[in-house]
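Novice: Compute the structure for the input listed below.
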Amino acid sequence: MVPMLDHQPEEPLYCQLAGALRARMDTDEFPPGSTLPSETTLAVAYAVGRDVVRQALTVLHNESLVTMSGGRPALVREDRPKKIVWAPSGALVHTRMPTAEERTGLGMAEGVPLIIVTTDNGAYLHAADRVEVRVMGADETG
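Specialist: Numbering: from 1, shown residues only. Next up, the predicted model:
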């Protein structure tokens, strides 16, 4: 059953719709790897315009919950086990969005940030949806 949206909202309709779709993903109504209904189907089901659907899908895309590819329905991202990356004490760890070349080279979905671990030996790039960075203490080894 599709929950109704409040058309006299404190919260914009696209945010309500993103929340409703997120909840349906959380309950595995839309499991990882599944395709979401088309923009038109979602617009009819939730009694909103396609522009509201597009905005909601953009929110989910920016949260790395779905991938979108021109003209095709959004795809719920697959859960990937995260690899542990050990950063030595004193390493600089930061994030940024990848260039198109970096995204292609690392096989990353659009909208996923990079985690960069910089040590004395250089900078190492990782897709943020695939790794968990841990900093080594004096008594730990990676």
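
Novice: The residue nearest the centre of the chain: what secondary structure?
Specialist: The central residue of the chain, meaning the one whose C-alpha is nearest the mean C-alpha position (C-alpha atoms, centre = their mean), is Ser64 at 0.6 Å. Classification of Ser64 by DSSP: H, G, I helix; E, B strand; the rest coil places it in coil.

Novice: domains of this structure?
Specialist: 13-76, 83-135 (automatic domain parsing).

Novice: does the residue nearest to the centre of the chain really touch Met97, like I thought?
Specialist: No: using C-beta atoms under 8 Å, Ser64 and Met97 do not qualify as a contacting pair, with a distance of 11.5 Å. Heads up, the C-betas are built off the backbone N, CA and C, glycines and all.

Novice: so Met108 makes contact with Pro98?
Specialist: Yes: judged on C-beta under 8 Å, Met108 makes contact with Pro98 at a distance of 6.2 Å.

Novice: which helices and strands does the lowest-mean-pLDDT helix or strand in the chain pack with?
Specialist: Within the chain, confidence by mean pLDDT, DSSP states H and E is lowest for helix 100-106 among all helices and strands, at a mean of 85. The criterion is 3 or more C-beta pairs under 8 Å, 6 or more residues apart in numbering; DSSP states H and E, and the helices and strands that helix 100-106 contacts are strand 122-127.

Novice: Can you pull out the low-pLDDT segments for this protein?
Specialist: 1, 3, 9, 79-81, 138-142 (pLDDT under 70).

Novice: can you map out the strands along it?
Specialist: Across the chain, reading from the start of the chain, the strands by DSSP state E fall at 66-67, 75-76, 83-87, 92-96, 114-119, 122-127, 131-135.

Novice: hey, which of these is tucked in deepest?
Specialist: Each of these was scored by mean neighbour count; the highest is strand 66-67, a mean of 21, by mean count of other C-beta atoms under 10 Å.

Novice: count of neighbours near Gly19?
Specialist: A count of nearby residues for Gly19, using other C-beta atoms under 10 Å, gives 16.

Novice: thinking again about what came up before, now what about the least confident helix or strand of the chain, what contacts it?
Specialist: Pro98, Met108, Glu110, Val112, Leu114, Leu125, His126, Ala127 (C-beta atoms under 8 Å, 6 or more residues apart in numbering).

Novice: Appreciated, that's everything.
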